[in-house]
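Chemist: Provide a 3D model corresponding to the input given below.
(chains A and B)
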Amino acid sequence: MRQSQLFTKTRKHAPKDEVAKNAQLLIRAGFIHKEMAGAYSYLPLGWRVLKNIERIIREEMLAIGGQEVLMTTLQDPEIWKTTGRWSDDVVDNWFKTELSEGVTLGLAHSHEEPLTRIVAQYASSYRDFPKAIFQIQNKFRRELRAKSGILRGREFIMKDMYSFVRSEEELQAFHEKCTQAYLRIFARAGIGAQTFVTFASGGSFSKYSEEFQTLCGAGEDTIYLDRARKIAVNEEVYVDDVLQELGLQKKDLEEEKAIEVGNIFKLGTRFSEPLGLTFTDESGAQKPVIMGCYGIGLGRLMGAIVETLSDEKGIVWPKEVAPYEMHLVSIAGGNADIIAEADRLYDLLSESGIEVLYDDRDLRAGEKFADADLIGIPTRLVVSEKTIAAGGAELSARSGGRISIVPESELLERIRC
RNA sequence: CGGGGCGUGGUGUAACGGCUAACAUGCUUGCUUUGGGAGCAAGUGAUUCCCGGUUCGAAUCCGGGCGCCCCGACCA
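Modeler: All right, here's what the predicted structure looks like:
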C-alpha cells in the first residue's frame, strides 16, 4: 500500500476527549475513529490489525477442535425467557429494540441460549459429544459508563466459544486445552510475558472463573500475582480460604493493575437443563449436557497491546498483529533516481509476498520517521541517497536495536529471519 | 446511576460582559530546504454544542437540554 494513497493521515494532537493512551495513539495514527462514547470504527490500518488478531484467535480455536459459526445479532426473547434471563432485572446491560408494536428483540450481548438451542437440534447421543463451537461477532452491551478508549465499549467484536461435554472430567480437560490455546493467543499477540491466568469470581455458575489478565497500569482490575507460579487471583476473591485452596501465600503475591483480555466460565447445566439439551448415555439414561464458555474481546486485546507495548514515540506492534510487515520509507527530496529505486524495492518486496506500507510521500525525513514511529510497523526499510551510496537499504526495528545497511541481494533473507 | 470537570475553525488552545473571536497545527499556492515533525510569504477555514433568558451589548452571566472525559457504583 502506498501511503500517499491511504485515506487516513496521522495527526500531531490527540483529541482532548480521549485520555486513554490506546485511544490517543490509535486515533493519532489513524487506526480508529470515535463515533461516540464507547463506539469506535476501524479504519484501514486498524482493521488490518483487528483482522490479524482475529486470524490468530481463529487458528487457535480451530486447532483445539472448535467449529466456527456466525449467529445472529437479533435475538429471540423466547429462549431467554426460558432460562430466566430476558428481564432487565437479571441482565441489565442489554440493548433491546422493537420489531413492531409490543414485540421486543434483543441485540446480541452473549449467545448461550441461541447456541444451546441450535445444538439441541442436532445432538442427543453421548456419541455427539464433546463439541466446541465458536464465533467472532459483534456484541452490544449497555455499559453505564464506557471508558478507557477501546478497552470498554458498548459495541465490540468478541470471540465467544461454548463447549458441550458429558462429564466434569471432560469439562476440565477441555477447559485446560482452551487455557493453553488462550496462552498461545496472547503470546502470539505479543503480550504473553505479561499475561497471567487469574482466578476470579465464578458468578452464579461455579466457584471460580478463569481470567487472563495482562499487567498494565491502565487496567481496571486489581490482581494479586504469584510470579513464580505464573498465576494470580482477582481482588474479588482475594480472601484467605481461596488463597489456601489455590496454595498461594500472601507473601508471594504482588498487587498489580491489569486488563482482562480473556475469560473462561464453567456453566454447568445452567442453560442445557432449561433448554432441554440432553444426551442419552451408554446405558440409555438421559443426562443434561455440561457447558463452558470462553470469551476474548478483539478490540480490547488490540487496546491492551497498545497500552502495554507503546513508547513515547508511538505504537510498537508485535509482528503477528502489525498492519503491515514492513514500512518502506523513501527519503528522496524529489530526486527521481531515489524514487525509482524505492519504487523498484516496493515492487520487489510486494512480489515476494511481503506486506509493505510504502511511504512514498514527498515529505522531509523527520516527518516521515515520526509518522513511522507513531504507526509502529515492526520493521522499517529506508531508501535514501545515503543508503544507495552505501550499496543497499537501511533495515531497522521499531522496537530499537541495530540499524544496518542491507544490500538488495540479502534483503529477502534478512527480512524473513 | 451518584460526584467532579469540560464543550470555541478539521485538531490543540486563547479571549475582563464591549473593536472584525486570537494563536498554533492542518489544508492550498509559491519560493527555499531535504536523515528526525525546517524556513519565508500569501491564502483557506467558526452559526463559539442546542434552546431559552438577563443586558444597549453574551463565547463570556443565568436556566434547561444534549454531548464528552474522569472518580465511584456496576460489569458473563
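Chemist: what strand or helix carries the closest residue to RNA strand B within chain A?
Modeler: Of all residues in chain A, the one sitting closest to RNA strand B is A:Gly366 (2.4 Å; Cβ to the nearest atom of the strand). Every residue, glycine included, has its C-beta placed from N, CA and C. Assigned by DSSP states H and E, A:Gly366 falls within helix A:365-375.
Chemist: right, and the helix or strand after that helix?
Modeler: The element immediately downstream of helix A:365-375 (helix or strand, assigned by DSSP H and E) is strand A:379-384.
Chemist: could you check how far that following strand is from the centre of its chain?
Modeler: Centroid separation between strand A:379-384 and its chain, computed with Cα atoms, centre = their mean, to the nearest Å, is 29 Å.
Chemist: then stretch A:309-328?
Modeler: Chain-centre distance of stretch A:309-328: 15 Å, with Cα atoms, centre = their mean.
Chemist: follow-up on the earlier one: which elements pack onto the helix holding A:Gly366?
Modeler: For helix A:365-375, the elements it packs on are strand A:326-331, strand A:356-359, judged by 3 or more Cβ pairs under 8 Å, 6 or more residues apart in numbering; DSSP states H and E.
Chemist: now tell me what touches the first one from outside.
Modeler: Surrounding strand A:326-331, the residues in contact under the criterion Cβ atoms under 8 Å, 6 or more residues apart in numbering are A:338-339, A:342, A:345-346, A:349, A:354-360, A:365, A:368-369, A:372, A:375, A:377, A:379-386, A:415.
Chemist: tally of neighbours for the residue of chain A closest to RNA strand B?
Modeler: Neighbour count of A:Gly366, defined by other Cβ atoms under 10 Å: 9.
Chemist: so what's it up against?
Modeler: With contact taken as Cβ under 8 Å, 6+ apart, A:Gly366 is in contact with no other residue.
Chemist: ditto for A:Ser404
Modeler: Contacts for A:Ser404 (Cβ under 8 Å, 6+ apart) come out as A:Glu394, A:Leu395, A:Ser396.
Chemist: contacts with RNA strand B among those residues, please.
Modeler: Cross-checking the contacts of A:Ser404 against RNA strand B (Cβ under 7 Å from any atom of the strand) gives A:Glu394 as the overlapping residues.
Chemist: now do the strands in the stretch 201-350 of chain A.
Modeler: Secondary structure of the stretch 201-350 of chain A, counting by DSSP state E, counting those that start in this stretch: strands at A:208-215, A:221-226, A:231-234, A:254-268, A:278-280, A:286-288, A:290-297, A:326-331.
Chemist: just put these in JSON lines and tack on mean neighbour count.
Modeler: Below are the strands of the stretch 201-350 of chain A laid out as JSON lines (neighbours: other Cβ atoms under 10 Å):
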{"stretch": "strand A:208-215", "mean neighbour count": "23"}
{"stretch": "strand A:221-226", "mean neighbour count": "20"}
{"stretch": "strand A:231-234", "mean neighbour count": "23"}
{"stretch": "strand A:254-268", "mean neighbour count": "21"}
{"stretch": "strand A:278-280", "mean neighbour count": "17"}
{"stretch": "strand A:286-288", "mean neighbour count": "14"}
{"stretch": "strand A:290-297", "mean neighbour count": "24"}
{"stretch": "strand A:326-331", "mean neighbour count": "25"}
